[in-house]
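Undergrad: coords please:
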Amino acid sequence: AEKADTHRFTVYGFKRLLSQLLRALLYLTSAGIINRDLKPSNLAVDINGKLAVLDFGLARTIGRNDMTGAVGTSAYRAIEAILFSNKIASLDCNEKTDMWAIGAILCEMLTGNVLFAHPRPLLSAIDICGSIPEQVLAK
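TA: Numbers count the residues shown, from 1 in each chain. Purely as a prediction, here's the structure:
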């Protein structure tokens, strides 16, 4: 299978992969699962253009109380997974966390560049979060 992060996409190919990726997210969500590590290197496309989501090592069921938030690849981690990684990750990491990762993947598919690319994960987190409102920090 071909890794999704090494391929240049036509408009048709992009739409096809986007549709498959969103259907995969819908399927996982309907099963009560969040992946928590969606990224291009965890996606593969076969010679027929069929997408597969790989690596469910960090996946959890939605609403688990013992979920840690400090997981996943920094460039594809949602704001809530960064901000609340030590507080209330089980409340803030859900299917929307995976949707954030899909958005970052789509930007990368369209531009060929990682949206929040830094050699140090903390710098990616700062880019993703921007300036953090005081009321968020107070939680």
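
Undergrad: which residues touch the nearest residue to I33 once chain neighbours are set aside?
TA: Leaving aside its chain neighbours, I33 sits nearest to A59 (5.6 Å; criterion: C-beta to C-beta, 6 or more residues apart in numbering). C-beta coordinates here come from the backbone N, C-alpha and C atoms, glycine included. Contacts here follow C-beta atoms under 8 Å, 6 or more residues apart in numbering; on that basis A59 touches L28, I33, I34, N35, R36, D37.

Undergrad: just the pLDDT for the fifth one.
TA: Pointing back at R36 there. If you check R36, the pLDDT there is 88.

Undergrad: ok, it touching G72?
TA: Yes. Counting by C-beta atoms under 8 Å, G72 is a contact partner of R36 at 5.2 Å.

Undergrad: tally of neighbours for R77?
TA: R77 has 27 neighbouring residues, counting by other C-beta atoms under 10 Å.

Undergrad: brain fart, L110
TA: Neighbours of L110 under the rule other C-beta under 10 Å: 11.

Undergrad: for the helix or strand hosting K96, C-alpha coordinates in PDB please.
TA: Using DSSP states H and E, K96 sits in helix 95-111. Provided in PDB are the C-alpha atoms of helix 95-111 (Å, rounded to 0.1, in the frame of the first residue of the first chain):
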ATOM      1  CA  GLU A  95     -14.600  12.600  17.800                       C
ATOM      2  CA  LYS A  96     -13.800  16.300  17.300                       C
ATOM      3  CA  THR A  97     -10.200  15.600  18.300                       C
ATOM      4  CA  ASP A  98     -10.000  13.200  15.400                       C
ATOM      5  CA  MET A  99     -11.700  15.800  13.100                       C
ATOM      6  CA  TRP A 100      -9.000  18.300  13.900                       C
ATOM      7  CA  ALA A 101      -6.400  15.800  12.800                       C
ATOM      8  CA  ILE A 102      -8.300  15.200   9.600                       C
ATOM      9  CA  GLY A 103      -8.300  19.000   8.900                       C
ATOM     10  CA  ALA A 104      -4.500  19.100   9.400                       C
ATOM     11  CA  ILE A 105      -4.100  16.100   7.100                       C
ATOM     12  CA  LEU A 106      -6.300  17.700   4.400                       C
ATOM     13  CA  CYS A 107      -4.200  20.900   4.500                       C
ATOM     14  CA  GLU A 108      -1.100  18.800   4.100                       C
ATOM     15  CA  MET A 109      -2.700  16.900   1.100                       C
ATOM     16  CA  LEU A 110      -3.600  20.200  -0.600                       C
ATOM     17  CA  THR A 111      -0.400  22.100   0.100                       C
END
